[in-house]
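quick check, what structure comes out for this input:
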Amino acid sequence: MLELRNISKSYGPIQVLNDITLSFNPGEILSIVGPSGAGKTTLLQIAGTLDKPDSGEVVFDGKNLLKLKDRKLSKFRNEKLGFIFQFHQLLPEFSALENVALPALIAGKRKRDAFSEAKRWLDELGMAHRLDHKPSELSGGEKQRAAIARALINRPSLVLADEPTGSLDSRNRDEIKEIISRLRSDYGQTFVIVTHDPEMAQIADRRVTIIDGVIQSGFS
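Below you'll find the predicted structure:
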């Protein structure tokens, strides 16, 4: 599905990633673990085309995404990738329903269809009673559920999650972990998860450890 080929990245004199090659497979949950500063988030951002490497290729279905112009790259991200961040990144002036519908509207879907799909995903994630609530009126777990629904609304090939349980208490961490497992089981959704949470890492089919910008181990 998506391949990183010989990815290297530096910030000034600091080598963050060093010749990383990694493939993401359809229908799997892949976790990326390692100490702080190891390069995990940078790797995820490059995989999501939010950042560019100094060298290497990001290949999707045989096409090097780094060669796409900005507009085509933005269209690819909107249609093929979903993003979940540690701090949800919901827009504060919009309701949960509006936040979730936004990527579909950007993709050019009719307003009625976008909001219908947003409602369906929020219902799926136990948020039917919170559709019209703004982020300030939601709990931490509810915000992250809305963020997951937003990531899924365009039915992306791949969801990239950066510490999705990092800001949550233990109960909400367990709920988000169960939601991700269920979405893979029910819909065949592919997830790549950067995490420090051992329990989140355990739901993965495959785990990759990065230390000092180099892949140390992986298993299936």
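
quickly note the distance from the residue most central in space within the chain to Lys75.
Centroid-nearest residue in the chain, with CA atoms, centre = their mean: Leu160, separated by 2.1 Å. In this view, Leu160 and Lys75 are 17 Å apart by CB to CB, to the nearest Å. C-beta: built from backbone N, CA, C; applies to glycine.

cool, Gly12 as well?
32 Å.

more neighbours: the two, which one.
Counted by other CB atoms under 10 Å, Gly12 and Lys75 do not tie: Lys75 has more neighbours, with 15 against 5.

what about Leu68, neighbour count?
When neighbours are counted by other CB under 10 Å, Leu68 registers 16.

pretty sure it contacts Arg77?
No: using CB atoms under 8 Å, Leu68 is not in contact with Arg77; the gap is 10.1 Å.

any weak-confidence spans in this protein?
The chain contains residues with pLDDT under 70 at 217-220.

now do the strands in it.
Assignment of strands within the chain using DSSP state E yields the ranges 2-11, 14-24, 29-33, 55-60, 63-64, 81-84, 158-162, 190-194, 206-211, 214-219.

contact partners for Leu90?
96, 99, 135, 143, 146-147, 150 (CB atoms under 8 Å, 6 or more residues apart in numbering).

if you could redo that for Glu137, that was the one I meant.
Contact partners of Glu137, counting by CB under 8 Å, 6+ apart, are Arg130.

could you list the alpha-carbon positions for stretch 205-220 in PDB?
Coordinates of each C-alpha in stretch 205-220 appear next as PDB, following Å, rounded to 0.1, in the frame of the first residue of the first chain:
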ATOM      1  CA  ASP A 205      -0.100  -7.100  14.200                       C
ATOM      2  CA  ARG A 206       3.400  -5.800  13.800                       C
ATOM      3  CA  ARG A 207       5.600  -3.600  15.900                       C
ATOM      4  CA  VAL A 208       8.600  -1.500  14.800                       C
ATOM      5  CA  THR A 209      11.100   0.000  17.200                       C
ATOM      6  CA  ILE A 210      13.100   3.100  16.300                       C
ATOM      7  CA  ILE A 211      16.100   4.200  18.200                       C
ATOM      8  CA  ASP A 212      18.300   7.100  17.100                       C
ATOM      9  CA  GLY A 213      16.500   7.300  13.700                       C
ATOM     10  CA  VAL A 214      17.100   3.600  12.800                       C
ATOM     11  CA  ILE A 215      14.700   0.700  12.800                       C
ATOM     12  CA  GLN A 216      15.900  -1.800  15.500                       C
ATOM     13  CA  SER A 217      13.300  -4.500  15.300                       C
ATOM     14  CA  GLY A 218      10.000  -5.600  13.900                       C
ATOM     15  CA  PHE A 219       7.800  -8.600  14.200                       C
ATOM     16  CA  SER A 220       4.500 -10.000  12.900                       C
END
